[in-house]
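In: here you go, sequence then predicted model.
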Amino acid sequence: MTRSILPLTGRSLRAPKSSCVFIYDDSKAPPPPFSAPQGLASGFFSKPRDFSLPNSSWGPEMMRLYEQYNSQCGEETEGGENREGPWKRLPSYNRFLKYATGGVYLSRMIHKKARLFTRNNRDQGATFEYVLFFNSEEDKCVGVFQAGHLLEGPPGHVHGGAIATMIDTVIGTHATIACGPVLTANLNINYRRPIPLGNTVLLESSVDKKEGKKVFVTCKMTSSDGSKLHTDSTALFVSIKVSQLLLGS
Ligand SMILES: CCCCCCCCCCCC(=O)SCCNC(=O)CCNC(=O)[C@H](O)C(C)(C)COP(=O)(O)OP(=O)(O)OC[C@H]1O[C@@H](n2cnc3c(N)ncnc32)[C@H](O)[C@@H]1OP(=O)(O)O
């Protein structure tokens, strides 16, 4: 059974038939507070783009890993039935707030030009290309990340801050699934081996323990075939109330 992981319940965000079901459960959600008159909707409201779906910049290794996990995802069949699968692909938008119930108003009020910086990319393949999958039975989250040429740090290789960003994204999502809204309180990264630009890497995270408001997560980042360790990391996330963020406290 799917469940909502954010306090703002996801509005009707449907996966294409060929892809996995979303983790956001909108079945119990109230209807959107406003419906545009028919015929006007497409002119005024753009459909959210799900950035976790493949695009033409994805190389063979990115596609291979995507297919590997996606083929193990539950999905809605052509006949409208749900096929079970241990993994779920997590959709990704450049502003989730905008696509949650009531969020379209909040997103206008709170920094309306704000965008998730890992998805603020007009040139496909130039920066962060990634997709996350979650396995609730094993409580595992994986990220498949292809590093674009604009993420350069050391010549020809990925910047350490960009690497940290991807780690934070995977483990932050995992901690959110485990505990609801959280913020990163502490992130420790051992950088073991540089990542050449253009390479695809695999991130795997596990929740080690929960202690009151605290959740401890670990993550390792390897080459796409798992043979080389690029980073290992540990992090502490602390639960927050979303109102803290929205009210700016
Ligand atoms: C699907 C879409 C999903 C969405 C998925 C999104 C993915 C992206 C994820 C991105 C995540 C981010 O970038 S988050 C942005 C970067 N992070 C931040 O800006 C956080 C800034 N820091 C804060 O706001 C605050 O310090 C908090 C919230 C972290 C903690 O404040 P608090 O809530 O008042 O909690 P506090 O009482 O101080 O501490 C609670 C407990 O945690 C411990 N603690 C607190 N901080 C630390 C620390 N740095 N190191 C060790 N321990 C600490 C305390 O000792 C205490 O332990 P005890 O006494 O209870 O034992």
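Out: Arrived safely.
In: okay, CA-based contacts and neighbour counts for the rest of this
Out: Noted.
In: tell me how many other residues surround the closest residue in space to Phe134 that isn't next to it in sequence.
Out: Distance criterion Cα to Cα, 6 or more residues apart in numbering; nearest residue to Phe134, sequence neighbours excluded, is Cys141 at 4.5 Å. Cys141 has 26 neighbouring residues, counting by other Cα atoms under 10 Å.
In: before we move on, what about Gly85?
Out: The burial count for Gly85: 16, using other Cα under 10 Å.
In: how close does the closest residue to it other than its chain neighbours sit to the ligand?
Out: Leaving aside its sequence neighbours, Gly85 sits nearest to Gly74 (Cα to Cα, 6+ apart; 4.0 Å). Here Gly74 is placed at a distance of 18 Å from the ligand (Cα to the nearest ligand atom, to the nearest Å).
In: in this structure Gly74 contacts Trp87, no?
Out: Yes - counting by Cα atoms under 8 Å, Gly74 touches Trp87, with 6.6 Å between them.
In: so between these two, which is more surrounded?
Out: Using other Cα under 10 Å as the criterion, Gly74 and Trp87 rank with Trp87 on top: 25 against 19.
In: residue contacts, that one?
Out: Counting by Cα atoms under 8 Å, 6 or more residues apart in numbering, Trp87 makes contact with Tyr69, Asn70, Gln72, Cys73, Gly74, Phe133, Phe134, Asn135, Ser136.
In: for these, pick the one with the most neighbours.
Out: Phe133 (27 neighbours).
In: near the ligand at all, stretch 153-168?
Out: Yes - residues of stretch 153-168 contacting the ligand under Cα under 6 Å from any ligand atom: Asp168.
In: average model confidence for that stretch?
Out: Average pLDDT, stretch 153-168: 98.
In: which parts of that stretch are buried?
Out: Gly153, His157, Val158, His159, Gly160, Ala162, Ile163, Ala164, Met166, Ile167, Asp168 (16 or more other Cα atoms under 10 Å).
In: what lies in contact with stretch 117-130?
Out: Contacts for stretch 117-130 (Cα under 8 Å, 6+ apart): 51-52, 55-58, 93-94, 143-151.
In: so which of those residues are in strands?
Out: Taking DSSP state E, the ones among the contacts of stretch 117-130 that sit in strands are Gly143, Val144, Phe145, Gln146, Ala147.
In: for this structure, which residues are neighbours of the ligand?
Out: Asp168, Thr169, Gly172, Thr173, Thr176, Leu183, Thr184, Ala185, Asn186, Lys214, Val238, Ile240.
In: among those residues, which ones are buried?
Out: Asp168, Gly172, Thr173, Thr176, Leu183, Lys214, Val238.
In: what about those residues, which are in strands?
Out: Using DSSP E, the members of those that fall in strands are Leu183, Lys214, Val238.
In: surely the last one meets Val215?
Out: Yes - judged on Cα under 8 Å, Val238 makes contact with Val215 at a distance of 6.4 Å.
In: all strands of the protein, in order?
Out: Under the criterion DSSP E, the chain contains strands at 75-76, 82-83, 87-90, 128-135, 140-147, 182-191, 200-211, 214-223, 229-239.
In: what residues sit buried inside the third one?
Out: Buried residues in strand 87-90, defined by neighbour count with 16+ other Cα under 10 Å: Trp87, Lys88, Arg89, Leu90.
In: by mean pLDDT, flag the weakest helix or strand of this protein.
Out: Least confident element among the helices and strands of the chain, by mean pLDDT, DSSP states H and E: helix 41-44 (a mean of 42).
In: so Phe133 touches Pro86, yeah?
Out: No - with contact defined as Cα under 8 Å, Phe133 does not reach Pro86; the gap is 9.9 Å.
In: list the buried residues of stretch 172-181.
Out: Neighbour count says stretch 172-181 has Gly172, Thr173, His174, Ala175, Thr176, Ile177, Ala178, Cys179, Gly180, Pro181 buried, by 16+ other Cα under 10 Å.
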